[in-house]
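**Student:** here is my input; please provide its structure:
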Amino acid sequence: LDQMDVYSNILYVKEDRVTLSALAHRAVRVDKYRPETCCIVGNYYSLRGRHERAVTYFQRALKLDPSYLSAWTLMGHEYVEMKNTAAAVEAYRRAVDINPR
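**Tutor:** Numbers count the residues shown, from 1 in each chain. Take a look at the predicted model:
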């Protein structure tokens, strides 16, 4: 599952629901308790417009690894979609705190 979360970001940008769905199912079968899996599933739900459900999965990723930069960033994007500016800013700040470059 290493780097598969990055691949899921590419599938999200390409709006490739079928491949992203297959990747999410495979990741869950391999290890549903990895933060990468949670981000892959979160990307899948985001692509389907289910932003609240996506946030749930990004939060799960962060419970598994609180320093997981992608999860903070992706969760910020979801909060923007949900028009929750304060939560988006907080998520982005947490991402910057982890990686200030």
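
**Student:** distance of the spatially most central residue of the chain relative to residue 83?
**Tutor:** What sits nearest the mean C-alpha location of the chain, by C-alpha atoms, centre = their mean, is residue 39, with 3.4 Å. Plainly put, residue 39 is 22 Å away from residue 83 if you go by C-beta to C-beta, to the nearest Å. For every residue, glycine as well, the C-beta is placed using N, CA and C.

**Student:** helices of the protein, residue ranges please.
**Tutor:** Using DSSP state H, the helices found in the chain span residues 4-13, 17-31, 35-47, 51-64, 69-81, 85-98.

**Student:** for those helices, which one ends up most surrounded?
**Tutor:** Counting by mean count of other C-beta atoms under 10 Å, helix 35-47 has the highest mean neighbour count of the helices of the chain, with a mean of 25.

**Student:** just the C-alphas of that one, formatted as PDB.
**Tutor:** The C-alpha coordinates for helix 35-47 follow below in PDB (Å, rounded to 0.1, in the frame of the first residue of the first chain):
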ATOM      1  CA  PRO A  35      -3.700   5.400   7.200                       C
ATOM      2  CA  GLU A  36      -3.000   5.100   3.400                       C
ATOM      3  CA  THR A  37      -6.100   2.900   3.100                       C
ATOM      4  CA  CYS A  38      -8.200   5.500   4.900                       C
ATOM      5  CA  CYS A  39      -7.000   8.200   2.600                       C
ATOM      6  CA  ILE A  40      -7.700   6.100  -0.500                       C
ATOM      7  CA  VAL A  41     -11.300   5.400   0.700                       C
ATOM      8  CA  GLY A  42     -11.700   9.100   1.700                       C
ATOM      9  CA  ASN A  43     -10.700  10.100  -1.900                       C
ATOM     10  CA  TYR A  44     -13.200   7.700  -3.300                       C
ATOM     11  CA  TYR A  45     -16.000   9.200  -1.200                       C
ATOM     12  CA  SER A  46     -14.900  12.700  -2.000                       C
ATOM     13  CA  LEU A  47     -15.000  11.900  -5.700                       C
END
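
**Student:** having no further points to raise, I will conclude here.
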